[in-house]
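A.B. asks: Quick one, what's the 3D model for this:
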Amino acid sequence: MNCLFLAAKCGRIKAMASPTVSAPKREKDPKKRIVITGMGLVSVFGNDIDMFYNKLLEGVSGISPIDRFDASEFSVRFAGQIRNFSSKGYIDGKNDRRLDDCWRYCLVAGKRALEDASLGQEVLETMDRTRIGVLVGSGMGGITAFSNGVEALIQKGYKKITPFFIPYSITNMGSALLAIDTGLMGPNYSISTACATANYCFYAAANHIRRGEADIMVAGGTEAAVIPTGVGGFIACRALSQRNDEPERASRPWDKDRDGFVIGEGSGVLIMESLEHAMKRGANIIAEYLGGAVTCDAHHMTDPRSDGLGVSSCIIKSLEDAGVAPEEVNYVNAHATSTLAGDLAEVNAIKKVFKNTSDIKMNGTKVRNLFTTQSFTGCLSSWHRKGHRAAVVCSARLPSAFSRSRRDERKFDCNFVESLQLRI
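C.D. replies: Model (predicted):
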């Protein structure tokens, strides 16, 4: 393998070749089977997957008034705020005090996922950790660290900015810190694509395994934006529900009275692994990743295409990658943001792909019971699709997506899950 680089000397540019080095050839298999062997999360319902799923089945809302800061002057005063979070056993005291919550959530969720996959630190130390990567994305990164740094600059001057300001603000720090703590030396970076971040991470992680670059990928999303800057920013975008009188019922996808989503925080991580590797080590296989795709609306910064074309093309490409016919699908966990334009565009996209939507059950439980967490949303969805102890494919029970039953029948004539614990 020859590598070229440009070296400048005396105004002249010369191409130089590095010494030839040998490297093992990786087996590339675009259809290599990939399975899920572990799950971890941090949520408003705690850090336990079973509790998380049971709360969804019970219809318990994780939305409540904000008490982390004085939101009395804000037009939106509620969120999916995590309270009494503990990182005991996962982060040492010094780092726990320094870290932005975004990275604290990531470290706990990631390590719990590894434990769930029977990949504790003692086991990891016996493995080839260059073959294990980390890809945990974030929509907004360490926004608290960033806000504190800006405040220090304005009030006290640049000399009072902490040296952790930049490292704890940038979005790749979740993947980096998790790898540093566990010694995982495989592919490592982050993706930031708003609410779709975790899904992008799953897709990219699967491709690393398919290309033979890793045997295991720790993938997911993390977010902690329930602070004045985060809440105020989304209010400015006119994206949030303003139902301060009943926050637990504020998010109501496909409802006539929907008026926006609810902001929240948390982290969700999956352990993705080649089937061959999982079977060789006797791992507990939760589910299988079949396929995915990436497309773009190429339309607007915040509004989706009303015809749903970008989403429908992504669904079609995903089905093709998975080798699944539209007729085989009987459950769709929608993004269901509870926004006027978003819900309609999403249903239009689904109708383009699945001609008979009456045969498909749809819900948006992650939004109704919890919140929109930017990067974490995709991972919340994946638990409904990929689960084990905490997923519908094993229990055959679907949590309801509805806070109110004023569905707009004229615009949304799909088979939505409207009763708790519907069986499939």
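A.B. asks: which stretches of the protein form strands?
C.D. replies: 4-9, 12-17, 34-42, 64-65, 78-79, 132-137, 216-224, 265-274, 287-289, 331-333, 361-363, 397-398, 415-416, 422-423 (DSSP state E).
A.B. asks: Check those strands for me: which has the lowest mean pLDDT.
C.D. replies: Of all the strands of the chain, strand 4-9 carries the lowest average pLDDT, namely a mean of 35.
A.B. asks: mind checking how far Ala204 is from Arg98?
C.D. replies: Taking Cβ to Cβ, to the nearest Å as the measure, Ala204 falls 29 Å from Arg98. In this view, the C-beta of every residue, glycine as well, is placed from N, C-alpha and C.
A.B. asks: These two: which is more packed in?
C.D. replies: Applying other Cβ atoms under 10 Å to Ala204 and Arg98 shows that Ala204 carries more neighbours, namely 19 against 15.
A.B. asks: who's in contact with Asn84?
C.D. replies: Taking Cβ atoms under 8 Å, 6 or more residues apart in numbering, we find Asn84 in contact with no residue.
A.B. asks: same thing but at 10 Å, please
C.D. replies: By Cβ atoms under 10 Å, 6 or more residues apart in numbering, the contact list for Asn84 reads Gly46.
A.B. asks: what phi and what psi does the backbone show at it?
C.D. replies: Note on Asn84: its backbone torsions stand at phi 60, psi 40 [degrees, to the nearest 10].
A.B. asks: any idea how far it is from Asn54?
C.D. replies: Asn84 sits 19 Å away from Asn54, going by Cβ to Cβ.
A.B. asks: Would you quantify the distance from Asp67 to Val226?
C.D. replies: 10 Å.
A.B. asks: Against Thr182, how distant is Leu99?
C.D. replies: Following Cβ to Cβ, the distance that separates Leu99 from Thr182 is 16 Å.
A.B. asks: what does Lys111 give?
C.D. replies: The value you get for Lys111 to Thr182, if Cβ to Cβ is used, is 7 Å.
A.B. asks: Return every residue with contacts to both of the two.
C.D. replies: Shared contacts of Lys111 and Thr182, defined by Cβ under 10 Å, 6+ apart, comprise Leu119, Gly120, Gln121, Val218.
A.B. asks: Among those, name the buried ones.
C.D. replies: Leu119, Val218 (16 or more other Cβ atoms under 10 Å).
A.B. asks: Contacts only, for Leu107.
C.D. replies: Listed by Cβ under 10 Å, 6+ apart, the contact set of Leu107 reads 42, 87, 90-91, 95-96, 99, 136, 174, 177-178, 180-182, 222, 267, 269.
A.B. asks: Kindly recompute the last result at 8 Å.
C.D. replies: Ser87, Tyr90, Ile91, Leu99, Gly174, Leu177, Leu178, Asp181.
A.B. asks: How about the last one: what's its closest non-neighbour residue?
C.D. replies: Leaving out its chain neighbours, the residue that sits closest to Asp181 by Cβ to Cβ, 6 or more residues apart in numbering is Leu107, at 6.6 Å.
A.B. asks: Do I have it right that Asp259 meets Asn244?
C.D. replies: No. Between Asp259 and Asn244 there is no contact under Cβ atoms under 8 Å: 11.5 Å.
A.B. asks: now, among the contacts of Leu107, which is nearest to Ile209?
C.D. replies: Leu178 (17.7 Å; Cβ to Cβ).
A.B. asks: neighbours of that closest one, just the number please.
C.D. replies: Leu178 has 27 neighbours, counted by other Cβ under 10 Å.
A.B. asks: That one touches Gly186, doesn't it?
C.D. replies: No. If you go by Cβ under 8 Å, Leu178 and Gly186 don't touch, sitting 11.7 Å apart.
A.B. asks: Find residues that contact each of these two.
C.D. replies: Common neighbours of Leu178 and Gly186 (Cβ under 8 Å, 6+ apart) are Val134.
A.B. asks: Distance-wise, check Ser61 relative to Arg252.
C.D. replies: 12 Å.
A.B. asks: Mind checking which of those two has more residues around it?
C.D. replies: Taking other Cβ under 10 Å, Ser61 and Arg252 do not tie; Arg252 has more neighbours (26 against 20).
A.B. asks: pLDDT score for the more buried one?
C.D. replies: Value listed for Arg252 in the pLDDT field: 85.
A.B. asks: go on, Thr365?
C.D. replies: 51.
A.B. asks: just use 167 as the starting number from now, easier for me
C.D. replies: Let's use 167 as the start, then, which means that last one is Thr531.
A.B. asks: contact partners of stretch 314-326?
C.D. replies: Identification of contacts with stretch 314-326 by Cβ under 8 Å, 6+ apart yields Ile327, Thr328, Phe331, Ile332, Ser335.
A.B. asks: Scan the residues you listed and report the most crowded one.
C.D. replies: Neighbour max across these (other Cβ under 10 Å) = Ser335, 21 neighbours.
A.B. asks: next one: phi and psi at that one?
C.D. replies: The phi/psi pair for Ser335 (degrees, to the nearest 10) is phi -90, psi -40.
A.B. asks: How about Thr468?
C.D. replies: phi -120, psi -30.
A.B. asks: can you pull the contacts of it?
C.D. replies: When contacts are counted by Cβ under 8 Å, 6+ apart, Thr468 touches Cys403, Ala405.
A.B. asks: since we're on the closest residue to Ser484 other than its chain neighbours, how many residues are nearby?
C.D. replies: Distance criterion Cβ to Cβ, 6+ apart; nearest residue to Ser484, sequence neighbours excluded, is Ala459 at 4.3 Å. Ala459: 15 surrounding residues under other Cβ under 10 Å.
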